[in-house]
Every structure is written in structure tokens, then in C-alpha cells.
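*Asks:* Provided below for reference: sequence and predicted model.
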Amino acid sequence: MSDNKVFIDFHEALMNMSHSQDFTNDHRENKLSALTRLCCELLGVDRVGVWKLSPDGQTLINERLTDSKAANPATESPDLLLEREHHPHYFEALASARIIEAPDAQNDQRTHSFSDQYLKPNGIVSMLDAPIFDCGHLGGVLCLENRTERTWTLPEISFVSAIADTISLINTHEAWVKSKQKLDYLTHHDALTGLSNLQSLQDRVDYLIRKINRSGTGSFAMIWVDLDRLKAINDGLGPKVGDQVIAETGNRLAKITIPGKDQLARIGGDEFAMIVRKYTSEEALAAASRRILANIALPITSGDQTLAMSASLGICRYPGDGNDPETLLRSAEAAMYFAKTQGLSQARQFDTSIQTTARSRFALERELRAALRNDSLDVFYQPIFSAADQSMVNAEALVRWNHPERGMLAPIEFLDVARGAGLMYQLGECVLRRVCRDRKTAMERQLMMPPVSINLAAEQVLDPDLPALVSQVCKDSRIPQSSLHFEVTEDSMQGDPRTLQATLERLVRGGSELAIDDFGTGYSSLSRLKHLPFSMLKIDRSFVMDIPNEEDDCAITLSIIGLARGLGLSIVAEGVETQHQEQWLKAQGCEYLQGYLYSKPVPFEALAARFLANTSSDFRDQR
């Protein structure tokens, strides 16, 4: 059986167990028993233990030990303790949040200290340990122990990490349940942080407004907290690290002491809002802002990374800056956006000048709506090349906006506005029509234009009318639908699976091919992906940028290439910028390459002049 098949089978078994109602509703001790038994059964390992880190971080205490050879396989073992002072190398390795892979545990520097008191008496030869987290902090370890020497495979390591992550989720959930028993989680709280959500915050603001209006006295302020540069962390280190940063920020904001602090909520991806009552003078709010910014600026450790974060704060007050929850939220958000223009780690209180800035953002939204109505957005193309012969096999379409006053805008400058205004579907339709017009122009000029890949937003792939739209636009333009490929990010596939599958299958039946974009940065289930009609996988640029010098990125890229081969998918590496990257990717069998080494995104006329007019030459010579 191939590694990829084993990899998928392991994760399907875990998914089936962890998603079952019996497991979800069971007690913690039974969940740990089920998970450790699953490890023993699937991996054929002798012992699996779950260890919990003491609150002071100095001791590991065994919670659950499953011995596949014992008469009673699963037992509680509170008498088993491991002290940091006796095993410093092991605790240091564990604190780095890396897998501890020890085929010869008795002689491994990290685990050698266990030999006399633990390994030898129990006949343990090999170990494989994965860290467990508790609300974003190191909370324990999942330990696999074998009585014969064993080399751990990549599917086994991945599976053990997934088991540890499942226990981490159990820990986070239990911590939330204990602290939030009085509130309905689904309705009023955020799943990641356990904090109140936007709806809960709006309800609280509405209540305070009515209370102040009835009594004729009182005041409160709203502080909008937006993390700076979280997207860079998600792109560079992955969304799991981004989620850890969000969870840790929420935890810090929850613990911070501020006079008059009333309610804290997570109101968006990296955005929080805090209500402060009574202490609403300019001086008090300035002091509260300084304390919030100082707490967020404390280093955050994620694995072997130490992250320095900052935030932008926007502040509004009632009465004065709005008469209802929605207006107050807009005022606080506008103040936050203004703070961002002043640099990192800034705070700004709402005033009339900021109101003008907020109107500018709303004006940008109106102008974008007009650009969509007039079909006046631009599309640039970035070629994709065959690694074998340097021929251009595809081109990715990337939206641009040539604003009449602000000049050429990249997507980062207006996609948030489009998403917030509910314009993503219309924007995608505009790109589709522009690509079809350009293809028609190429046909009229007798230029050999390869298939073009168009990015689909979540708002598009979850709309059952999308395939009909694509078919009609192609028909109107008199181009075959097979000349259009589509790219879907993992995070765009988190909606209703039936609608998603039906939409994608109809696109394929119409002649299009589908690619998974930015693979490795999202949360897609492998078992789900294998049932969707993808034919290509694109390795995210965040994994390519540091190869071949970064061992972890090389290992991840190799595993993605192996997975793609196992699933019968073609492979594209994004973000190729150096010849060293190109050479390494070619050596690993990556079929297609895309990046600045070959070409930046260019307008259609530049694409036609540089690439379509002479398809027999080495395109890199024409950069």
C-alpha cells in the first residue's frame, strides 16, 4: 500500500471517530482511551500515552496509558511523573512544538535521560512524541512507545500529529465549557477563542444604549482592536500559526485589567472589540489603549518561532459617536482604519476628520460598484511553464483596477472592500467576462493562447448558478469552455459539501479543469478532496520561498508532491523566483512552475507580445 493511501486511510479513521456523535458527547477519559486505542490498532504500536503538563510547566503527568499487550489495555496512571529538572533536553525539544522522533530512544539525546527509570524497565526501544496544546499554550504530549526498534514513516508522523491536535481541541473545548457555561456557545461565542461574538457584542451595546437612555446618565466606549500584518503570518507560517496568534491575543485581552472593562468580543478574523463603561474620558481611554498595545506587543511563541505582534486601535463613545450598535461599530472601525494609516501599534479616537476618512472608504465601495457595473476592471496574466521544456502551458488571470484617480490598484487594496460589501461574485463574473474577451481577441489575431486559470472565491463556488454563468459567457464569446481552468483555495471549500461538489462537477462536465490553489495553507480534509474533481494542485509560495535551504519547507513540499502523485494530480509550484528553486523543484519531479523567475503578471497586450507571438523560444529569455 502506498504512503499516500496509508496517509488518507489514517486520517479518514480519525475523522470518522472524532466526528461521531458518541465520541463528541463522551467524557474526556473515554475520548483519550478511544484515541490511544486507535493509535495502537492502526499503527501496531505497543504503548500510547497521554501526558498533561502541570500549570507551572515543570512536570508531565500521565493521564492515560494504553498498552496493547496488557490484559486491561487502557488505564489511568497518575503515579507516572516526568520532571523537567531530570529531563531538560526532552522538555526543551517539546517546548519547540516539534515532533520528537526517536527510533533509538535509549541513545537519543532528547530521551536518553528516561532510560534507567522508564525505558529499560518497560522494554521501550523507540518513541514518537507529539506536543498537545491547551488554549494556544503547550499543555502536554502524546507519546507512542514501541518495544522493538522502529523507523517512523511520514504517514505515521502526520497521523500522530493529527491525534495530538484532536486532543488539543478537546483541551480547548473543555477550557471554554468551564468558563462559558452560562452562555450559548453557538449563538453568542467565537469557536476559536471562546470569547463573545459580534452578535453578543451588538446585543450588549443595544442594552447599554437603552439603559443610558432610560436613566439619562452614563457612558461607555468601544475599542476596536485589529492585529497588524496577520496576513503575512498566515502566508509565511500557515493559518494554524495565525489561529494560535488570534487565540493568544484573545486570551491576553480577556485577562487584561482595565478600569470599567465590560465585555470583550471577537468580531472578525483578526479583530476584537472591547466595551469600557464609565471610564470614558480621553485620558482614561488613552491609558487603556496603551495597556492593550503593550500586552499585544509581548512576544508570542509558536513552535520554534517567536513572533512580535502589534495592533491598531479605533475608539468611539456613546453618547456622541453614534446612536445604535451598527453606527458605533462603523465609527470604531473607521477610527481603526485611520490609526493604521499612522503606522504600526497606533490608537485613534473617532472624530469628524475620521468621519471624512470613513466616507472615503464608502466612496471606494461606491466606485468599485460602478466599475463592476461598467465592466471596467482589468485582468493581468502570469504565465505557467512546463518544467520539462519551458513551454507556456497556462496563464493565471489576476484582477487589477485602474482607478481613475488612484492609479493601478492591486487586489489587496480593494478585495476587502469587495468582500465586505458582498461584491465578490460580481467581481468574479467581471474577471470571467474580461478573460473571455481577451481569448476571443487572441483567436481573431490567430495567436495560440493556452488555457487560462481563473480564481474562484468562496462566494462563487458555493453558488449553484456558477456553472450556467460560465457556460453562457463562453457561448456568448464563442470560445470553448475547455480553454478556461479554475483555481479554488482550500479555505473556499468550507461551505455546504453537496453544493460545492455539484458546482465543481458541473464545471468539469462543461470542459473546464480545476486546481487546488495555495495548497497546504488551509483546512481541507484529504478524504473530502479526493472525492472532488480536481486535476491539479498548486503548492503555495510560502513553502517554495525558502527551498532548497529550509529543511522543513523541503519536507513539506516533498510530501505535497507525493500526495499529488498518489491522487493522480498534476503539480504547479507558485512563487518560483530563483534558479536554485527551479532546479530543486525539477529534480523532485514538479511538472509546472510559476513565478517572477519567468514573468510578473502582465496585461494581455504584453502577454501577447512577449509570449504568444513566439511560442517556440525559451520564454525566460524574453523577460
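*Replies:* Yep, it's here. Numbers count the residues shown, from 1 in each chain.

*Asks:* what separates Glu156 from Ser96, distance-wise?
*Replies:* 20 Å (Cβ to Cβ, to the nearest Å). Just so you know, the C-beta spots here come from the backbone N, C-alpha and C atoms, and that holds for glycine as well.

*Asks:* more neighbours, those two?
*Replies:* More crowded of Glu156 and Ser96, by other Cβ atoms under 10 Å: Glu156, with 23 against 15.

*Asks:* Show the pLDDT at the more buried one.
*Replies:* According to the prediction, Glu156 has pLDDT 88.

*Asks:* again, but for the one 3 residues further on
*Replies:* Model confidence at Phe159, given as pLDDT, is 88.

*Asks:* ok, and the closest non-adjacent residue to it?
*Replies:* In space, and not counting its chain neighbours, Phe159 is closest to Phe10: 4.0 Å by Cβ to Cβ, 6 or more residues apart in numbering.

*Asks:* how close does the one you found get to Met17?
*Replies:* Distance from Phe10 to Met17, by Cβ to Cβ: 11 Å.

*Asks:* residue ranges for the helices of the stretch 101-250 of the chain, please.
*Replies:* 120-122, 154-179, 185-188, 198-215, 230-237, 239-255 (DSSP state H, counting those that start in this stretch).

*Asks:* From what I see, Ile256 and Leu293 are in contact.
*Replies:* No: applying Cβ atoms under 8 Å as the test, Ile256 and Leu293 come out as separate, 10.8 Å apart.

*Asks:* In terms of neighbours, single out the busier of Phe10 and Met17.
*Replies:* Counted by other Cβ under 10 Å, Phe10 and Met17 do not tie: Phe10 has more neighbours, with 22 against 18.

*Asks:* ok, residues contacting whichever strand or helix holds the more buried one?
*Replies:* Taking DSSP states H and E as the criterion, Phe10 maps to helix 3-18. Contacting residues not belonging to helix 3-18 are listed as 23-24, 34-35, 38, 42, 153-156, 158-159, 162-163, 166, 525-527, 530, 562-563, 565-567 [Cβ atoms under 8 Å, 6 or more residues apart in numbering].

*Asks:* Narrow those residues to those that are buried.
*Replies:* Among the contacts of helix 3-18, those classed as buried by neighbour count (16 or more other Cβ atoms under 10 Å) are 23, 34-35, 38, 42, 154-156, 158-159, 163, 166, 525-526, 530, 562-563, 566-567.

*Asks:* Return the longest strand in the protein, judged by number of residues.
*Replies:* strand 392-403 (DSSP state E).

*Asks:* How about that one, which residues are buried there?
*Replies:* Buried residues in strand 392-403 (16+ other Cβ under 10 Å): Met392, Val393, Asn394, Ala395, Glu396, Ala397, Leu398, Val399, Arg400, Trp401, His403.

*Asks:* and which of those residues is nearest to Phe350?
*Replies:* His403 (26.6 Å; Cβ to Cβ).

*Asks:* bridging residues for the closest one?
*Replies:* Listed beta-bridge partners, His403: Gly407 (assigned using DSSP bridges).

*Asks:* My guess is it contacts Leu409. True?
*Replies:* Yes: proximity of His403 to Leu409 meets the contact threshold set by Cβ under 8 Å, at 5.3 Å.

*Asks:* and the residue positioned nearest the centre of the chain, how far is that from Asp540?
*Replies:* Note on the chain: the residue nearest the mean C-alpha position is Pro239, at 2.8 Å, using Cα atoms, centre = their mean. Distance, Pro239 to Asp540, by Cβ to Cβ: 11 Å.

*Asks:* Ok, Leu409 next?
*Replies:* 24 Å.

*Asks:* Equivalent analysis for Arg229, please.
*Replies:* 18 Å.

*Asks:* Same question for Leu585.
*Replies:* 13 Å.

*Asks:* Also Leu32?
*Replies:* Separation of Leu32 from Asp540 (Cβ to Cβ): 34 Å.

*Asks:* wait, what's in contact with Val245?
*Replies:* With Cβ under 8 Å, 6+ apart, Val245 has these contacts: Leu227, Leu230, Ile233, Ile300, Ser302, Leu307, Met309.

*Asks:* Redo those as CSV? Include distance to Asp351 and pLDDT.
*Replies:* As requested, those are exported to CSV (distance: Cβ to Cβ, whole Å; pLDDT from 0 to 100):
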residue, distance to Asp351, pLDDT
Leu227, 24, 92
Leu230, 27, 81
Ile233, 32, 77
Ile300, 32, 89
Ser302, 37, 81
Leu307, 33, 85
Met309, 27, 90
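
*Asks:* Between the residues you listed, which sits nearest Gly322?
*Replies:* Lowest distance from Gly322 to these (Cβ to Cβ) belongs to Leu227, with 23.8 Å.

*Asks:* partner residues bridging the closest one?
*Replies:* Ala311.

*Asks:* right, and it touches Ala247 too?
*Replies:* No: distance between Leu227 and Ala247: 11.8 Å, which falls outside the contact criterion (Cβ under 8 Å).

*Asks:* Which one's more surrounded, Arg229 and Asp540?
*Replies:* Asp540 (23 against 16).

*Asks:* Excluding chain neighbours, what is closest to that one?
*Replies:* Nearest to Asp540 is Asp518, by Cβ to Cβ, 6+ apart, at 4.3 Å.

*Asks:* part of a strand, is the one you found?
*Replies:* Yes: with DSSP: H, G, I helix; E, B strand; the rest coil as the criterion, Asp518 is part of a strand.

*Asks:* quick one: it from Glu490, how far?
*Replies:* 7 Å.
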